[in-house]
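1. please find the sequence and the predicted model below.
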Amino acid sequence: MTTGYVFHHSFLEHDTGAGHPETAARLEAVMSRLKSEGLLERLALIEARRAAEAELAAVHSRGYISRLKEICAAGGGWLDADTPVSKKSCEAAEYAAGGAVAAVEAVMGGGEGIPSCFALVRPPGHHAFAGEGGGFCLYNNIAIAARYAQSRYGLRRLAIIDFDVHFGNGTAAVFEDDPGVLFISTHQFPHYPGGGDIDDTGKGNRISIPLPEGCGDDEYLSMFDEVIIPAARRFEPELLLVSAGFDAHRDDPLAGMRVSTEGYAGIAGRLKRLADEACGGRAVFCLEGGYSLEALADSVSATFKALLGEAVDLSPRQVPPRVAGLVAELKRRHRLA
């Protein structure tokens, strides 16, 4: 068995302009690193396809889809102050959403011997709502993948784990009323885009983990050990979906966390073990943030190595004092004690 990866040249054609942190150079750095380390030879390429409008409309309003196409047809524009749209952004976003769908197809049987797949897509998606994009995101790739898994394969229990440094507000909103989707988000708090405090639990199907600035490997890994993995395991998901943002890295310029590359390997190893135990290894990762080119390439490489089964330290981490109260309260509220 191997791990799949999704890539398409159109991802590089979403032009965000000079000085924007979410650029094609991010994926170029990742692909260069995977090639130089010989990882591409060990992975299975899953070709992205363009998402059908019905697949987009399973999450997004027809009005928003039409407006985005109109902006692209006019040569570009802005969805908000942070989110530029270029002439080819619609095509890139449709392939990004379709790439996430292709990853689901691969792990659900479309690709023999591929239990896990990482969709290396851009633009990212977890800040996109049903009727609007923003925060660098056009379509909500992970949400579209989840809705596809529900409709195409009849899955009734999905877990989405989002470890991007920013709260996945768009994803949270999409699944607000869906008890068949457990959404867990770790994020720096307070921080962009707002929301995601400990009381932000949706209709009981959401666990928001607001971490203070400066948290590193021990805080993150102990949170996975004490809260995230037990909650996800209890939910008994049929498929694990992961919004994989690497902007909590200690070298990332857009946030204030201290996770190392080894820490991300530990997160990926824990998620692989969860998928192996809970859902036959079926796990789909979708790239979200991560804005230091070197840190992003390092962390994605480490994630692939963990998914391929390379040794990762999975020994339980002691809970650091600075998050001990948060861990205890999360366990109490969500009945994990």
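-> Arrived safely.
2. drop to CA atoms for contacts and neighbour counts, all remaining ones
-> OK.
3. please, where are all the helices along the stretch 101-250 of the chain?
-> Applying DSSP state H, counting those that start in this stretch to the stretch 101-250 of the chain gives helices spanning 141-153, 169-174, 217-223, 229-235.
4. what's the longest one packed up against?
-> Other helices and strands packing on helix 141-153, by 3 or more Cα pairs under 8 Å, 6 or more residues apart in numbering; DSSP states H and E, are helix 53-57, helix 89-105, helix 169-174, strand 239-244.
5. let's see that with 7 Å instead.
-> helix 53-57, helix 89-105 (3 or more Cα pairs under 7 Å, 6 or more residues apart in numbering; DSSP states H and E).
6. average pLDDT for the shortest one?
-> Per-region confidence: helix 53-57 scores 99 on mean pLDDT.
7. show me where this protein has strands.
-> 3-7, 44-47, 76-80, 83-86, 116-119, 158-162, 181-188, 206-211, 239-244, 283-287 (DSSP state E).
8. want to throw the ones you listed into a markdown table with distance to residue 130, mean neighbour count and mean pLDDT?
-> Shown next, in a markdown table, are these (distance: least, Cα to Cα, whole Å; neighbours: other Cα atoms under 10 Å; pLDDT from 0 to 100):
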| stretch | distance to residue 130 | mean neighbour count | mean pLDDT |
| --- | --- | --- | --- |
| strand 3-7 | 24 | 25 | 98 |
| strand 44-47 | 26 | 20 | 96 |
| strand 76-80 | 14 | 17 | 97 |
| strand 83-86 | 16 | 21 | 98 |
| strand 116-119 | 21 | 30 | 98 |
| strand 158-162 | 17 | 25 | 99 |
| strand 181-188 | 16 | 25 | 99 |
| strand 206-211 | 18 | 25 | 99 |
| strand 239-244 | 17 | 27 | 99 |
| strand 283-287 | 18 | 29 | 99 |
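9. picking up where we left off before, residue 101: which of the helices of the stretch 101-250 of the chain is closest?
-> For the helices of the stretch 101-250 of the chain, proximity to residue 101 was assessed by Cα to Cα; helix 141-153 is nearest, at 4.8 Å.
10. only C-alpha atoms, please: export that closest one in PDB.
-> Below are the C-alpha coordinates for helix 141-153, written out as PDB (Å, rounded to 0.1, in the frame of the first residue of the first chain):
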ATOM      1  CA  ASN A 141     -12.500  22.200  -0.700                       C
ATOM      2  CA  ILE A 142     -12.800  20.000   2.500                       C
ATOM      3  CA  ALA A 143     -16.500  20.700   2.800                       C
ATOM      4  CA  ILE A 144     -17.100  19.800  -0.900                       C
ATOM      5  CA  ALA A 145     -15.100  16.600  -0.400                       C
ATOM      6  CA  ALA A 146     -17.200  15.700   2.700                       C
ATOM      7  CA  ARG A 147     -20.500  16.400   0.900                       C
ATOM      8  CA  TYR A 148     -19.300  14.200  -2.000                       C
ATOM      9  CA  ALA A 149     -18.400  11.400   0.400                       C
ATOM     10  CA  GLN A 150     -21.900  11.600   1.900                       C
ATOM     11  CA  SER A 151     -23.800  11.600  -1.400                       C
ATOM     12  CA  ARG A 152     -21.600   9.300  -3.500                       C
ATOM     13  CA  TYR A 153     -20.800   6.700  -0.900                       C
END
